[in-house]
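*Asks:* Return a 3D structure for these sequence lines:
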Amino acid sequence: MSVLLVPLLPLLTTLIVIAGEGATVRNRIKIAVWSLGAAFCCAVATLYVVATQGPITIKFYDPLGGSFPVPLGFYVDRLSAVMMVLISAIGTIIYAYSIQYMHQEPHERRYFALLGIAVSVLLCMVSSGNLLMLFVFWQILSYLLYLLIHNHTHAGTLESAFRTFTLLRTGDVAFLAGTALAYALYGTLEFPELFSTAAQSTAMITLFPGVEFSGATGVTLLLFIGAMSKSAQFPFHIWLPRYLYAPTPVTALLHAGIINAGGFLINRLAPLFGLSSTTLHVAFFIGTLTAVLGASMMLAQNDIKNMLGFSTIGQMGYMVMECGLGAFALAVFHLIAHGLFKATVFLNSGNVITKARLEPHFPDHDHETDEESYSGLTWATGFVTTLLIPLLILLGTHGALQIPLLEAQGAVIFLFFIWITSSQAILTLTRLRAVASWKVSAAMLLTLLFVVFVYLFAVESFTAFLYPNAEEVAAYFKAAELPSRLFDMMIGAATLTTIIGWVYVYVRAHGRTLPMPTWINGIRIRLYVLFLNRLYLDEVLDRLDRAQLAAIRRFDEPVQGRTP
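*Replies:* Next up is the predicted model:
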C-alpha cells in the first residue's frame, strides 16, 4: 500500500494547491507540504519492506487477452526504493523552502502545482516496471522540465528553449530506438525478464558487412545516448547552464533530482550494461571527458550559479565514469551524496549573492612574507598522509584481505577512489598558512580517516545492500576491465598529478615559481579563455541556427514565387 501512496501523495499536493479560491491559496500551499512529508515517510517504509522482504511487483495491466503487448505496473527493488526516499526527501525540502521564497509571486499556484506533479513523475519513473513505462515518464519529465525551468519573460531563456528541446529529443529518439531494439531482440521489456533473457541471448547485429556486435551492445549504446542527454554529458551538456533565470528552488530540483535521471537509467539497467564491455568503455571515456571539462569550465566562471551548474556537469561526468568502471553501487552512492549536497548549496546561493552585494569585500594585502606564515610541518603531514597512508592501505588490503590487486582492477579502482578523494579533500579544504600547524595537521588526518571510513564501510555496505550477490559485482568489474597498459597509465597519471599538486603548494608557499617555458604560459591563457567561453559551443550553435534559417528562407523563396 505504501508503494502506491508514494507517487500519489505528491499529486494530492497539486490538488490541494489548485482547488479552492485564490484568497486561501497561501494556506493551502502550507497545508500541502504535509502531503509531501507523508510521501517521504511512505518511501522510508517501502525501503524497509523491500530490504527485508524482497522486491515488490504491482501489476496494473496484464497483456494476456489484451491488445497492448506490454504490461503496466511498478517494480520496486532496493535501487528504486532508495531513489524514492531521495526524491521525496529533496522534493519536501524544496517545497518547504519555496513557501516563503515564492510568497507574493503572481504565478505561485502554478509553480507549486507543477512541483508536485514533477515529484510524482520522478517517483513513477524510478518505480516503473518496464523500459517502456520508464520512457513514458522520462518524456513527461522532459516536458515538465520545460514548463518549470524556462522563464518565459526572459528573451535569452526563450531562445535557448528550442535548443534544449532539440538536444533532449535527440537523446530521447535514441532511447526509444534502444527500447524498440530491446523488445525486438528479447521479446520483453519487463526488467527481471529482460535481464535474464539478455544474459542468455547470443543475438548479433550487423551494421555493415564485416562490422557486427552483440545485441546487448547495440541496445545499451542507444540507451546510453538517452542518458547522456538528460544528465548533461559532453557534448549534450550545453543545455544545463542556460537555466540561470529560473527560480532558485527549481534550479535546486533540477541539479539535485532531475539531472540524476540519466545516472539512474544506467544503474537501473546495470545487468544489461554489464553484458557489454564496449558500452562500459564508451561510458568511461564520455564520463571522464565530461568530468574534466565540467570542472575546468567551473573554475573559469565568475558567477556563482554558473559555477554550480558546471560543477553539476563535472559531477555527473564523474558518476558516469564510475558506471563505466563497473562501480555501479559507488555511482549510486555518489548520486545520493551529490543530490543532497547540491540541493543545499543552490538553496543557499541566494543568501551568498545577497551578502556579497550588501557587504562588498576586497582582499586585504598580506604584508607578511609567505615563508613567515608557511608551516613546513603542515605540508609534510599532508604530503605523507596523501601518499604513504593510502599505500599502506593498499598493502594491508592485499596482505590481510588476500585481494589480488594485480589481477582485480575493481579492487584497485575502489581503493584508488579513496586515495584521490582524500587527496582532493585535503588539498582543497585545508589551509596551509596562517594557522597553527598542529591544528591543520590534525584536520588532514581526520579528513583522511573520514574519507577512508566512508568508502570502506559506508560504500562497501551500500554495495552489499544494492547488490547482495558478490559474483554480480565482480562480473561488472570484469566487464569494465581496461587494457592493462592503459589502466597502469591512468594510475600513474593520477599519482603524478597528486605529487605535482603538493610540489606546487610547497613552491608557491616559499614565494617561488616553477620554471615554465613561455609557450606553456601562452597555452594556459588560451585554455582559460576557452573554458571561460564554454568551449565556444554556444557560438557554434548560433552560427548553425543562422545557417539553418538562411537555408529555410532560400527554400521558401522559390516556393512563394510559384504560389498563385
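
*Asks:* Okay, strands next: where are they in this protein?
*Replies:* 56-61, 72-76, 204-208, 211-214 (DSSP state E).

*Asks:* Flag every buried residue along the first one.
*Replies:* This points to strand 56-61. Neighbour counts over strand 56-61 (16 or more other Cβ atoms under 10 Å) mark I56 as buried. All C-beta atoms are positioned from the backbone trio N, CA, C, and that covers glycine.

*Asks:* just the second one next, same as before
*Replies:* Residues of strand 72-76 classed as buried under the neighbour-count rule (16+ other Cβ under 10 Å) are L72, G73, F74, Y75, V76.

*Asks:* again with the last one
*Replies:* By neighbour count on 16+ other Cβ under 10 Å, the buried set for strand 211-214 is S214.

*Asks:* Renumber starting at 46 from here on
*Replies:* Okay, residue one is now 46; in that scheme the one you just asked about reads as strand 256-259.

*Asks:* So what's the gap between that strand and the chain middle?
*Replies:* 30 Å (Cα atoms, centre = their mean, to the nearest Å).

*Asks:* which strands and helices sit next to it?
*Replies:* strand 249-253 (3 or more Cβ pairs under 8 Å, 6 or more residues apart in numbering; DSSP states H and E).

*Asks:* Kindly recompute the last result at 10 Å.
*Replies:* strand 249-253, helix 260-275, helix 322-345 (3 or more Cβ pairs under 10 Å, 6 or more residues apart in numbering; DSSP states H and E).

*Asks:* Output the contacting helices and strands for the longest one.
*Replies:* Okay, so that is helix 322-345. Against helix 322-345 (3+ Cβ pairs under 10 Å, 6+ apart) you get strand 256-259, helix 260-275, helix 306-313, helix 315-318, helix 349-369, helix 515-524, helix 529-554, helix 563-577.

*Asks:* Just the local confidence number for Q454, please.
*Replies:* The model reports Q454 with a pLDDT of 59.

*Asks:* Kindly report the same for Y106.
*Replies:* pLDDT, Y106: 74.

*Asks:* which non-adjacent residue is nearest the most centrally placed residue in the chain?
*Replies:* Closest residue to the average C-alpha location of the chain: M361 at 3.2 Å, with Cα atoms, centre = their mean. Nearest non-adjacent residue to M361, counting by Cβ to Cβ, 6 or more residues apart in numbering: S276, 4.7 Å away.

*Asks:* isn't that neighbour right next to T335, touching?
*Replies:* Yes. Between S276 and T335 a contact is recorded at 8.8 Å, counting by Cβ atoms under 10 Å.

*Asks:* Between those two, point out the one with more neighbours.
*Replies:* S276 (30 against 27; other Cβ atoms under 10 Å).

*Asks:* What residues does the more buried one make contact with?
*Replies:* 216, 282, 285, 303-311, 332, 335, 357-358, 360-362, 364-365, 380 (Cβ atoms under 10 Å, 6 or more residues apart in numbering).

*Asks:* okay, and for the stretch 96-245 of the chain, where does confidence drop off?
*Replies:* 109-113, 194-208 (pLDDT under 70).

*Asks:* Kindly present the strands of the chain as CSV, with separate columns for distance to S341.
*Replies:* Putting the strands of the chain into CSV (distance: least, Cβ to Cβ, whole Å) gives the following:
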stretch, distance to S341
strand 101-106, 43
strand 117-121, 39
strand 249-253, 34
strand 256-259, 33
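
*Asks:* Next one: the closest residue to T265 other than its chain neighbours from F236, what distance?
*Replies:* Nearest residue to T265, sequence neighbours excluded (Cβ to Cβ, 6+ apart): T324, at 4.1 Å. Remark: distance between T324 and F236 (Cβ to Cβ, to the nearest Å) = 18 Å.

*Asks:* more neighbours, these two?
*Replies:* T324 (28 against 22).

*Asks:* from memory the more buried one sits against L266, does it?
*Replies:* Yes. T324 is within contact range of L266, at 5.4 Å (criterion: Cβ under 10 Å).

*Asks:* Now do the shared contacts for the two.
*Replies:* F258, F318.

*Asks:* thinking again about what came up before, just the helices and strands packed on strand 256-259: most buried one?
*Replies:* The highest average neighbour count among those, using mean count of other Cβ atoms under 10 Å, belongs to helix 260-275 at a mean of 25.

*Asks:* Rounded mean pLDDT for it, please.
*Replies:* The model assigns helix 260-275 a mean pLDDT of 87.

*Asks:* Work out the gap between that helix and the centre of the chain.
*Replies:* 16 Å.

*Asks:* next one: stretch 118-125
*Replies:* 20 Å.

*Asks:* do the same with stretch 127-143
*Replies:* On Cα atoms, centre = their mean, the centre of stretch 127-143 falls 16 Å from that of its chain.

*Asks:* Then stretch 150-164?
*Replies:* 24 Å.

*Asks:* So for it, what gets flagged as buried?
*Replies:* Buried residues in stretch 150-164, counted by 16+ other Cβ under 10 Å: E153, R154, Y156, F157, A158, L159, L160, G161, I162, A163, V164.

*Asks:* Over to stretch 87-103?
*Replies:* Buried, per 16+ other Cβ under 10 Å, within stretch 87-103: C87, A88, V89, A90, T91, L92, V94, V95, I101.

*Asks:* With just CA atoms, put that stretch into PDB.
*Replies:* Extracted in PDB, the C-alpha atoms of stretch 87-103 (Å, rounded to 0.1, in the frame of the first residue of the first chain):
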ATOM      1  CA  CYS A  87       5.900   6.100   2.900                       C
ATOM      2  CA  ALA A  88       9.100   5.900   0.900                       C
ATOM      3  CA  VAL A  89      11.100   5.000   4.000                       C
ATOM      4  CA  ALA A  90       8.500   2.400   4.900                       C
ATOM      5  CA  THR A  91       8.800   1.000   1.300                       C
ATOM      6  CA  LEU A  92      12.600   0.800   1.600                       C
ATOM      7  CA  TYR A  93      12.300  -1.200   4.800                       C
ATOM      8  CA  VAL A  94       9.800  -3.600   3.300                       C
ATOM      9  CA  VAL A  95      11.900  -4.100   0.200                       C
ATOM     10  CA  ALA A  96      15.100  -4.600   2.200                       C
ATOM     11  CA  THR A  97      13.500  -7.200   4.500                       C
ATOM     12  CA  GLN A  98      11.100  -9.000   2.100                       C
ATOM     13  CA  GLY A  99      12.400  -8.500  -1.400                       C
ATOM     14  CA  PRO A 100      11.300  -6.600  -4.500                       C
ATOM     15  CA  ILE A 101       7.700  -5.500  -4.800                       C
ATOM     16  CA  THR A 102       5.800  -6.100  -8.100                       C
ATOM     17  CA  ILE A 103       2.400  -4.400  -8.800                       C
END
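
*Asks:* what residues does that stretch touch?
*Replies:* Here stretch 87-103 has contacts from 46-54, 117-134, 168, 172, 174, 235-237, 510, using Cβ under 10 Å, 6+ apart.

*Asks:* Derive a ChimeraX selection command for the buried subset of the residues you listed.
*Replies:* The ChimeraX command for the buried members of the contacts of stretch 87-103 (criterion: 16+ other Cβ under 10 Å) is given here:
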select :47,48,50,51,52,54,117,118,119,120,121,122,123,124,125,126,127,128,129,130,131,132,133,134,168,172,174,235,236
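
*Asks:* still on that earlier bit, okay if I get the helices and strands packed on strand 256-259 as CSV plus distance to F522?
*Replies:* Formatted as CSV, those follow (distance: least, Cβ to Cβ, whole Å):
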stretch, distance to F522
strand 249-253, 25
helix 260-275, 17
helix 322-345, 10
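
*Asks:* Tell me which of these lies nearest to T389.
*Replies:* helix 322-345 (17.5 Å; Cβ to Cβ).
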